[in-house]
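In: return atomic coordinates for the entry below.
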Amino acid sequence: MSKNALITGITGQDGSYLTELLLSKGYHVHGIVRVSTNNRNNPNYLLLEKLRKRGEKIHLHSGDLSDSSRLTTLISAISPDEIYNLAAQSNVSFSFAEPKYTSDINAIGTLRILEAIRNLKFTSQTKLYHASTSELFGKAQESPQTETTPFYPRSPYAIAKLYSYWTVINYREAYDIFACNGILFNHESPRRGETFVTRKVTKALARIYFGLQDCLYLGNLNAKRDWGHARDYVEMQWLMLQQKFPDDYVIATGVQHSVRSFVEIAASELGLTIGWHGKDQTEVGIIEQIDSSLAQKCKIKPGQTIIRVDPQYYRPAEVENLLGNSQKAKNNLGWTPKTSFKNLVKEMIAHDLDQTRKDLLCKENGYET
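Out: Below you'll find the model as predicted:
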């Protein structure tokens, strides 16, 4: 008999990959889509709709983590074997501007799901995976970070996630709910939202390559992150709910790169070599060399400045150094990431280069993209 899974945040990066994984395992997949969100141009939503029309077992429901009544109604009707709570206000910078909204969705939203499970008396039948975050470590007290590293959140986003992290543990211990936290380090893909720095980089470089944009403005080039592929990470999310006992796990690659390094590798995939000049907020990235064999249709010229630092993209409280150790996941779940950092960047830049090429072709022929 196939299982029922409910995914909050199904139209996000992780939600779309997780949907594909669960469908491949025979699940009926239910997803919550916010009514206030215009999904008409959301590529992940369009992907889900395509799968649904093809006959896959996908069911989309309107709802929001801010609506306790609706969440309870949906969980009651679906009676899910597994809930994957992936929905969040996930933009760290935006959380400084809207801390109350971020807290309501990221902290109290998780509580609303747990309360629904408890009040419906689903505690013995429904397992919960909650997407936690490496931002909990913030001003990291040790490196690499593990499940026992002290937390030091540095943003309203991380503080709200800290509340939900401990709420999951509290309900697990108080009400015997099978509930797990996945402490996810940065994970990216071509399906990543365009406000996130990695996708911002690959999309902007593709546009600069074709002469559609002059420059890419970034914040802290020296910030270091542990970047993996979302496709690998959703497998870990599923594995956590297949265990005999619930637990919390760090999900990471154990390899660290700076934002600067991400830019350099993405540019190299386009045949571009960047030289850095200046310091701190006056630093710029200038094209020093172009590989003509890779950049045959490139509109960039040697000596062109394509990267600048803009102070508006600095956080009020910076997180400089995140690096995860997922040895516990490897030992207990047999999980290791499959995609290297270079291949992740290569996949993302190839996607945005192809998408920009198609957009440009449509524009030249008078079609809307």
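
In: where along the stretch 101-250 of the chain do the strands fall?
Out: Assigned by DSSP state E, counting those that start in this stretch, the strands in the stretch 101-250 of the chain fall at 127-133, 179-184, 187-188, 216-218, 224-225, 228-229, 249-251.

In: and of the ones you listed, who's closest to residue 311?
Out: strand 216-218 (9.9 Å; C-beta to C-beta). For every residue, glycine as well, the C-beta is placed using N, CA and C.

In: pLDDT averaged over that closest one - what is it?
Out: Averaging pLDDT along strand 216-218 gives 97.

In: before we move on, what about stretch 50-58?
Out: 93.

In: buried residues, it. List them.
Out: Neighbour-count burial for stretch 50-58 flags 51, 52, 57, 58 (criterion: 16 or more other C-beta atoms under 10 Å).

In: out of the residues you listed, list just those in helices.
Out: 51, 52 (DSSP state H).

In: and of the strands of the stretch 101-250 of the chain, who's closest to residue 243?
Out: Once these are compared by C-beta to C-beta, strand 179-184 is nearest, at 8.3 Å.

In: which strands and helices sit next to the closest one?
Out: strand 127-133, helix 156-175, helix 230-240, strand 249-251 (3 or more C-beta pairs under 8 Å, 6 or more residues apart in numbering; DSSP states H and E).

In: any chance of the ones you listed in TSV, plus mean pLDDT, distance to residue 84 and mean neighbour count?
Out: What follows is the helices and strands packed on strand 179-184, written out as TSV (pLDDT from 0 to 100; distance: least, C-beta to C-beta, whole Å; neighbours: other C-beta atoms under 10 Å):
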stretch	mean pLDDT	distance to residue 84	mean neighbour count
strand 127-133	98	5	25
helix 156-175	98	13	20
helix 230-240	98	6	22
strand 249-251	98	13	26
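
In: make JSON lines out of the ones you listed and add distance to residue 112.
Out: Output for the helices and strands packed on strand 179-184, formatted as JSON lines (distance: least, C-beta to C-beta, whole Å):
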{"stretch": "strand 127-133", "distance to residue 112": "12"}
{"stretch": "helix 156-175", "distance to residue 112": "10"}
{"stretch": "helix 230-240", "distance to residue 112": "20"}
{"stretch": "strand 249-251", "distance to residue 112": "24"}
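
In: what's the closest of the buried residues of stretch 50-58 to residue 232?
Out: Minimum distance to residue 232 across the buried residues of stretch 50-58 is 20.5 Å, recorded for residue 51 (C-beta to C-beta).

In: the closest one reaches residue 23, doesn't it?
Out: Yes - Residue 51 is within contact range of residue 23, at 7.1 Å (criterion: C-beta atoms under 8 Å).

In: spit out the residues that contact these two alike.
Out: residue 58 (C-beta atoms under 8 Å, 6 or more residues apart in numbering).

In: using TSV, lay out the strands of the stretch 101-250 of the chain together with distance to residue 315.
Out: Converted to TSV, those look like this (distance: least, C-beta to C-beta, whole Å):
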stretch	distance to residue 315
strand 127-133	15
strand 179-184	19
strand 187-188	19
strand 216-218	13
strand 224-225	13
strand 228-229	22
strand 249-251	22
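
In: much appreciated, bye for now.
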